[in-house]
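> pasting the sequence and the predicted model now:
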Amino acid sequence: MTGTVGSALERMIRSAIDAALVLAAAAAILFGGPSSAGSAPSRGIVAARSIIALEPPVDSVRSVGLTVADLERNIEFFTGVLEFRLVAVDERHGPEVERTTGVFGARIREATLALGDEQLRLTQFIAPEGRPIPIDSRSNDCWFQHAAIVVSDIDLAYAHLRRCNVRHASPAPQTLPESIPAAAGISAFYFKAPEGHVLEIIRFPEGKGDPRWQGRADSLFLGVDHTAIVVRDTERALGFYRDLLGMRVVGQSENHGPEQARLNNVEGARLRITTLRAQHGPGVELLEYLSPRNGRDTPADAVPNDALAWTTRLSAADAAGLLVAMEAAGTPVVSRGCRADGRVSPFLVRDPDRHLVLLEPACAPGRERP
């Protein structure tokens, strides 16, 4: 379709889709919140999607991001200890950076790291500097987030981390028992990056996890399987990640017992775990602590340049329409002035538990996926 008539028609279609997305979000609110993980999305979302016939809004988890105070120290840790590859380092400032981050006067240095097909982004705010991770942070606090790194041998990986004097978060690797059918035989260990960000090494036995991790012995550290976030209410979180973003639920489990408690290092831990995935990239794992329920909320004054601010970076097929739907649903938008000339630049929002999510327009056909 070319020419003035085609352009006008395209604008009309675009306006109709945007209006339908507004109706989708409004209907979702009017018809009630999200349903359980195993059932269909809310009536409003279903009705709106049937009108506009869109694919799931999010097609990829592009990367998982950490905010750090010392970029070089963290690059050395991730490449030297965990075998990530350094892909790129860049430094940016100016109005666009301020708009996206919502931080006035922001100047950032950002490193892109890769392990297998997955990426991590490390962002240092040169100005203004943020606050460190609270020293008394625990795994059931609502600001908790980690990246899970798949290993081919949990014992060799743990021995390697010990030789590198890595700080423990778990007392030792834990293997989950047969009494947790969905997770039986999975071995994992929590540890800390140089500034206190929690990471996990994980090994999946045969028949568990993504099939691409099975039978791999080509390297000790294989890739990033998922990022895990603590949520207060699974149903509320599913309303965001499943019903609004269109990610699909691929796994559910209720984990408890001494092995799970020691993995998280939270006495008496009992968790409802729900794993979601987009078409590409790592998963997003929701961790709801059924007990104990004394984890702290993310501070109301937390900002993206604080070290507790992880960012899950998503690719959206229709970022403009998704922004309309999010605004109608009352999703807190951190970015400022992300619309210009009829287009939407990457924008940062907070999920229901105040975790940061960055939405970016999807790659055009034929372009390499970041």
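Arrived safely, thanks for sending. As the structure is a prediction and not an experimental result, all values here were calculated from the model. Numbers count the residues shown, from 1 in each chain.

> dump the residue contacts of A316.
Each residue near A316 by CB atoms under 8 Å, 6 or more residues apart in numbering is listed here: P57, V58, D59, L322, L359, E360, P361, A362. To be clear about C-beta, it is placed using only N, CA and C from the backbone, and glycine gets the same treatment.

> nearest spatial neighbour of A183, chain-adjacent residues omitted?
Closest residue in space to A183, ignoring its immediate chain neighbours: L176 at 4.5 Å, by CB to CB, 6 or more residues apart in numbering.

> count the neighbours of the nearest residue to V81 once chain neighbours are set aside for me.
Counting by CB to CB, 6+ apart, V81 lies nearest to C164, which is 4.8 Å off, once chain neighbours are set aside. By other CB atoms under 10 Å, 12 other residues sit near C164.

> surely C164 touches E83?
No. Assessed by CB atoms under 8 Å, C164 is found out of contact with E83, at 11.4 Å.

> contacts only, for the residue nearest to A183.
A183, A184, G185, I186, S187, A188, N255, G257, E259, Q260, L263.

> can you tell me which of those is nearest Y158?
S187 (9.2 Å; CB to CB).

> that closest one touches S152, doesn't it?
No. Judged on CB under 8 Å, S187 makes no contact with S152 at a distance of 11.5 Å.

> not counting residues beside it along the chain, what's closest to the residue nearest the centre of the chain?
Most central in the chain under CA atoms, centre = their mean is T312, positioned 3.4 Å from the mean C-alpha point. Distance criterion CB to CB, 6+ apart; nearest residue to T312, sequence neighbours excluded, is V357 at 5.1 Å.

> now name the helix or strand holding the one you found.
Per DSSP states H and E, V357 falls inside strand 356-361.

> which helices and strands does that strand pack with?
Strand 356-361 sits against strand 58-68, strand 311-316, helix 319-329, strand 347-350, with contacts defined as 3 or more CB pairs under 8 Å, 6 or more residues apart in numbering; DSSP states H and E.

> redo the ones you listed as TSV? Include distance to G246.
Converted to TSV, those look like this (distance: least, CB to CB, whole Å):
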stretch	distance to G246
strand 58-68	6
strand 311-316	9
helix 319-329	9
strand 347-350	15
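
> and those: which comes nearest A302?
strand 347-350 (9.2 Å).

> contacts for the helix or strand hosting L271?
Taking DSSP H and E as the criterion, L271 maps to strand 270-277. Outside strand 270-277, the residues within contact range by CB under 8 Å, 6+ apart are 37, 61, 183, 226, 234, 237-238, 241-242, 247-256, 260, 264, 283-291.

> can you select the buried ones from those residues in ChimeraX?
The following ChimeraX line selects those of the contacts of strand 270-277 that are buried, judged by 16 or more other CB atoms under 10 Å:
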select :37,61,183,226,234,237,238,241,242,247,249,251,253,255,256,260,264,283,284,285,286,287,288,289
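
> pLDDT weak spots in the stretch 101-250 of the chain?
By pLDDT under 70, the stretch 101-250 of the chain has no low-scoring segment.

> and the helices in it?
154-163, 234-238 (DSSP state H, counting those that start in this stretch).

> so which elements touch the last one?
What it means is helix 234-238. strand 270-277, strand 283-291.

> repeat that for the first one.
Contact analysis of helix 154-163 by 3+ CB pairs under 8 Å, 6+ apart lists strand 187-192, strand 198-203 as its packing neighbours.

> how does the protein divide up, domain by domain?
Domain ranges of the chain: 1-54, 60-291, per automatic domain parsing.

> so of these, which one's packed in deepest?
Mean neighbours per residue, mean count of other CB atoms under 10 Å, is largest over the domains of the chain for domain 60-291, with a mean of 18.

> how far does that one sit from the chain's center?
Mean-position distance between domain 60-291 and its chain equals 9 Å (CA atoms, centre = their mean, to the nearest Å).

> end-to-end on that domain?
Counting by CA to CA, to the nearest Å, you get 32 Å between the two ends of domain 60-291.

> try stretch 277-288
End-to-end for stretch 277-288, by CA to CA: 17 Å.

> what do you get for stretch 214-228?
Start-to-end, stretch 214-228 (CA to CA) is 21 Å.

> run through who's touching it.
Residues contacting stretch 214-228 (CB under 8 Å, 6+ apart): 61, 64, 82-84, 115-120, 145-153, 156-157, 160, 200-202, 204, 206, 209-210, 213, 275, 282-287, 310, 312.

> go on, stretch 108-116?
Outside of stretch 108-116, the residues within contact range by CB under 8 Å, 6+ apart are 63, 71, 74-75, 78-79, 82-93, 97, 101, 119-126, 149, 221-224.

> what do you get if the cut-off is 6 Å, keeping everything else the same?
Contacting residues not belonging to stretch 108-116 are listed as 71, 75, 78, 84-85, 87-92, 119-125, 222-223 [CB atoms under 6 Å, 6 or more residues apart in numbering].
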